[in-house]
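Q: just a sequence and a predicted model for now, questions to come.
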Amino acid sequence: WNVSRHVCVRDCISPDLPYYTHPDILLASLLTLLILFGLPANILSLCYFVSKKGHNFATILYRAICLLDISITVLVIPVIVCLASGRHPTLFGNWTFCVGWAVLFNFLQLASPFSVLLLSVSRTIAIVKPFYTVNRRAALITTVLYMVIAEGYELILTLFKGY
């Protein structure tokens, strides 16, 4: 897991670090605004796709995308708290939370666009070949392979950089 891109501030808090009040407050405000719109919209979308009777591949992908978006939205909340509190580490002061957050955030960064890609490919196949059924097992194997290769690549980069 490439935790090196993220700063865990457990023992390295320094009053000498620059703190830019206005940009941080602006960013925290924008992220809060996005949460206020994004979280309810994704929850409503998830409720719709869960209530839908069909369990076809596209519906499953829509559910997964909604869950990934909800997870990303919730995962931003500790960042907002950190920015709004003058970059006080809050939860990021805990090494376990910080590393767990970085791993989860990295995973979601990879999984979200890939699930949209799978949805786009499956919809394209549905348009080009309307009677063709997408093999769910092949899509699952492709997803797992992508995640293993991408996370393995990140791990190798982290190990060779010596972080």
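A: Right, received. Where do you want to start? Computed from a predicted structure; not experimentally measured.

Q: which phi and psi does the residue located most distally from the centre of the chain have?
A: Going by Cα atoms, centre = their mean, the residue of the chain most distant from its centre is residue 131, 33.3 Å out. When quoted as degrees, to the nearest 10, the phi and psi of residue 131 stand at phi -100, psi 10.

Q: do the same with residue 129
A: According to degrees, to the nearest 10, residue 129 has phi -130, psi 90.

Q: burial check on it, number of neighbours?
A: Using other Cβ atoms under 10 Å, residue 129 is surrounded by 10 other residues. Where you see a C-beta, it was placed from the backbone N, CA and C, and this is true even at glycine.

Q: repeat that for residue 136.
A: Residues near residue 136, counting by other Cβ under 10 Å: 13.

Q: before we move on, the earlier item: so how far is residue 28 from the residue farthest from the centre of the chain?
A: 50 Å (Cβ to Cβ, to the nearest Å).

Q: just residue 104 next, same as before
A: 20 Å.

Q: who has more neighbours out of these two?
A: Each of residue 104 and residue 28 has its neighbours counted (other Cβ under 10 Å); residue 28 has more, 18 against 14.

Q: find the residue closest to the more buried one in space, skipping its chain neighbours.
A: residue 83 (4.0 Å; Cβ to Cβ, 6 or more residues apart in numbering).

Q: remind me which helix or strand the one you found belongs to.
A: Counting by DSSP states H and E, the element that carries residue 83 is helix 77-84.

Q: what about that helix, average pLDDT?
A: Averaged across helix 77-84, the pLDDT comes to 90.

Q: contacts for that helix, please.
A: Under the criterion Cβ atoms under 8 Å, 6 or more residues apart in numbering, residues 24-25, 27-28, 31-32, 35, 88-92, 97, 101 lie in contact with helix 77-84.

Q: and the furthest pair within these?
A: 25 and 97 (23.3 Å; Cβ to Cβ).

Q: between the two, which one's more packed in?
A: Under the criterion of other Cβ under 10 Å, the comparison of residue 25 against residue 97 puts residue 97 first, with 16 against 13.

Q: so the more buried one makes contact with residue 89?
A: No: judged on Cβ atoms under 8 Å, residue 97 makes no contact with residue 89 at a distance of 9.7 Å.

Q: let me see the contact set for the one residue sitting closest to the centre of the chain.
A: Nearest residue to the geometric centre of the chain (Cα atoms, centre = their mean): residue 108, 2.8 Å. Neighbouring residues of residue 108 by Cβ under 8 Å, 6+ apart: 68, 71, 72, 75.
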